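**Student:** Predicted model, plus sequence, below.
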Amino acid sequence: MRKGLSVIALCAAFVSACSPNAAPRSASAGAAASAGGFRTPVVQNERGLESIIGKGANALTQRFGSARIDLSEGDARKLQFSSNECVLDIFLYPLRGNEAPVATHVEARQRVGGAGADRARCIADIEQGRNGG
């Protein structure tokens, strides 16, 4: 039981660390708070991610298959997909209050060792695995 709670706390800390407040300085536009507490997320604008950014969870699972991990915290959501080579984390936030969350940030890492991985290559690896390649 204690281990399960530790994993949940760690995952929550990870999702919180990737919140709009913790976005890299290179990201465009800051987060703006409104009276209702909603914060507009910083959307990752990186070449090669156009086919993921802005997509909802259903579109992503249709493309990549069932998520290995599907976590929700408040209005944020994280989907994780993997291949034999890499792990792809896709973070979804609503762009406006009361909307469904969409992909706003993507991270990739090597499956063994956890070093950063090329996002586009990881996306291709996961798709290839899904399509039997």
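**Tutor:** Received the coordinates, thanks.
**Student:** Residue 97 is in contact with residue 38, isn't it?
**Tutor:** Yes: counting by Cβ atoms under 8 Å, residue 97 touches residue 38, with 4.2 Å between them. All C-beta atoms are positioned from the backbone trio N, CA, C, and that covers glycine.
**Student:** From residue 42, how far out is residue 55?
**Tutor:** 17 Å (Cβ to Cβ, to the nearest Å).
**Student:** Tell me which of those two has more neighbours.
**Tutor:** residue 42 (21 against 16; other Cβ atoms under 10 Å).
**Student:** What's the first helix or strand after the lowest-mean-pLDDT helix or strand in the chain?
**Tutor:** Every helix and strand in the chain was compared by mean pLDDT, DSSP states H and E; the lowest is helix 2-17, with a mean of 43. Per DSSP states H and E, the first helix or strand lying C-terminal to helix 2-17 is helix 57-64.
**Student:** Now do that next one: distance to the chain's middle.
**Tutor:** 12 Å (Cα atoms, centre = their mean, to the nearest Å).
**Student:** Tell me which strands the next helix-or-strand element following it pairs with, and in which orientation.
**Tutor:** Next in sequence after helix 57-64, counting helices and strands by DSSP H and E, comes strand 69-73. Take DSSP bridges as the rule and strand 69-73 pairs in its sheet with strand 76-82 (antiparallel).
**Student:** Could you list the alpha-carbon positions for the partner strand in PDB?
**Tutor:** Once non-C-alpha atoms are left out, strand 76-82 reads as follows in PDB (Å, rounded to 0.1, in the frame of the first residue of the first chain):
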ATOM      1  CA  ALA A  76      -4.700  17.800 -16.800                       C
ATOM      2  CA  ARG A  77      -4.000  14.400 -18.300                       C
ATOM      3  CA  LYS A  78      -0.900  12.400 -19.200                       C
ATOM      4  CA  LEU A  79      -0.800   9.600 -21.800                       C
ATOM      5  CA  GLN A  80       2.300   7.400 -22.100                       C
ATOM      6  CA  PHE A  81       3.100   5.200 -25.000                       C
ATOM      7  CA  SER A  82       6.200   3.000 -25.600                       C
END
